[in-house]
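Participant: Need coordinates for the following:
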Amino acid sequence: MEYNGGAIIAMKGKGCVAIAADRRFGIQALTLGTDFQKVFSATDKIYFGLAGLATDVQTLLSNRIPSPTPPFEFTSSRPIQSFFLKTKADICSEKFRMKVDMYHLREEREISPKTFAHMVSSTLYEKRFGGYFVFPTVAGLDANNEPYICNMDGIGCITTPNDFVVSGTAENQLYGMCESLWEPNLEPEDLFETISQALLNGVDRDAISGWGGIVHVITPEGVITRTLKGRMD
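Facilitator: So this is what the prediction gives:
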C-alpha cells in the first residue's frame, strides 16, 4: 500500500452516490505521474476504485497476458524483443467488463452493485495464497436507485457501511475529514462538495497521495465527472 500511495473515498447521498480518488502515481516519495487512473466503470451505474500496488491494479484490470510483439526469433541477427504492456490509455476494466457481460447474458438483467462487489471479492479470494495487493472500493445505484457502497481488503472481505468508505495510504486522514463533513441525505451537488473537500484536505496530510483528484457522482439521470485541482507539491 505504501509503495505507490493513493486515496479513494465513496459516499452515499440522497438517491445518489459518489466516488473520488487522487491522481498521483509515484514510487514512495518520488512522483512519476499526475494523471494515474484509479477509478473505473463497470456499468453506467457502478464504479469501482482500486487502491494499492499499481502493477497489481493493472494486472487485475487486464484480461489477457502481455505477449511479445513481434514474435520471438532467437537468431543472432535479430535481438530478443521485449514485452510491451498496454498503455495507460488502453487499460480498462477488461476482466470485470467480461464478467459483467457474461452475467448480463446469463441472467438477462443488469448486475447490481452488491452482486458486482461479491464478484470482485471472489476474484480476490481466488488468489488468496498469492494475492493482489489491491484494496477495492465499489459505489453504485441498484435497480431502485438506492445507493450502495463498500470496500474490501486484499482477500475480498467486504465492509458495507451506511455513510462512507475510505481506502489508501491516506485513510486515517480521510476518516477524520469524512466524519466531520458527511451528513445524511446529501443532494448530488452537496455530495460533490463534501467528498471533494474531504479528499483534498485528507491528501494534504499524506505525503504519498494527492496531486489533485477526480470525482464521479452517480445519479439516476447519469454520471457527473469532475476533475479537482489540488496542491502540486
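Participant: Please make it C-alpha for all contacts and neighbour counts, starting now.
Facilitator: OK.
Participant: can I assume Leu186 is in contact with Gly13?
Facilitator: Yes - when contacts are counted by CA atoms under 8 Å, Leu186 is listed as touching Gly13 (4.6 Å).
Participant: higher neighbour count, those two?
Facilitator: Neighbour tally, Leu186 and Gly13, criterion other CA atoms under 10 Å: the higher count belongs to Gly13, 27 against 19.
Participant: mind listing what the more buried one touches?
Facilitator: For Gly13, the contacting residues are 147, 184-188, 191, by CA atoms under 8 Å, 6 or more residues apart in numbering.
Participant: Let's check: the centremost residue of this structure is which one?
Facilitator: Gly49 (1.2 Å; CA atoms, centre = their mean).
Participant: Outside of the helix or strand of the chain with the lowest mean pLDDT itself, list whatever touches it.
Facilitator: In the chain, the helix or strand scored least confidently by mean pLDDT, DSSP states H and E is strand 30-33, which has a mean of 83. Here strand 30-33 makes contact (CA under 8 Å, 6+ apart) with 23-26.
Participant: In this structure, where is pLDDT below threshold?
Facilitator: 1, 63-93, 233 (pLDDT under 70).
Participant: Tell me where the protein has strands.
Facilitator: With strands called from DSSP state E, the chain shows them at 7-12, 17-22, 25-27, 30-33, 39-43, 46-52, 134-141, 147-152, 158-159, 164-168, 213-219, 222-228.
Participant: So Ile195 sits against Lys12, correct?
Facilitator: No - shown here, Ile195 and Lys12 do not form a contact pair, counting by CA under 8 Å, at 9.9 Å.
Participant: The two - which one has more neighbours?
Facilitator: Lys12 (32 against 28).
Participant: nearest residue to that one other than its sequence neighbours?
Facilitator: Spatial nearest neighbour of Lys12, excluding adjacent residues (CA to CA, 6 or more residues apart in numbering): Asp163 at 5.6 Å.
Participant: Could you pull up the residues touching the one you found?
Facilitator: Contacts for Asp163 (CA under 8 Å, 6+ apart) come out as 11-12, 182, 184.
Participant: just Pro161 next, same as before
Facilitator: 149-150.
Participant: if I look at it, how far off is Ile149?
Facilitator: 7 Å (CA to CA, to the nearest Å).
Participant: all helices of this structure, in order?
Facilitator: Taking DSSP state H to define them, one finds helices in the chain at 54-61, 94-107, 113-126, 171-181, 188-203.
Participant: Any idea which of those helices gets closest to Ile218?
Facilitator: Closest to Ile218 of these, according to CA to CA: helix 188-203, at 8.2 Å.
Participant: I'd like to know which elements that closest one is packed against.
Facilitator: Under the contact definition 3 or more CA pairs under 8 Å, 6 or more residues apart in numbering; DSSP states H and E, helix 188-203 sits against strand 7-12, strand 17-22, helix 171-181, strand 213-219.
Participant: Who's the closest spatial neighbour of Trp182, skipping the chain neighbours?
Facilitator: Ranked by CA to CA, 6+ apart and with sequence neighbours excluded, the top spatial neighbour of Trp182 is Thr194, at 6.5 Å.
Participant: isn't the one you found right up against Glu179?
Facilitator: No - at 10.8 Å, Thr194 does not count as touching Glu179 under the criterion of CA under 8 Å.
Participant: which one of these two has more residues nearby?
Facilitator: Set Thr194 next to Glu179 and count neighbours by other CA under 10 Å: Thr194 wins out with 20 against 12.
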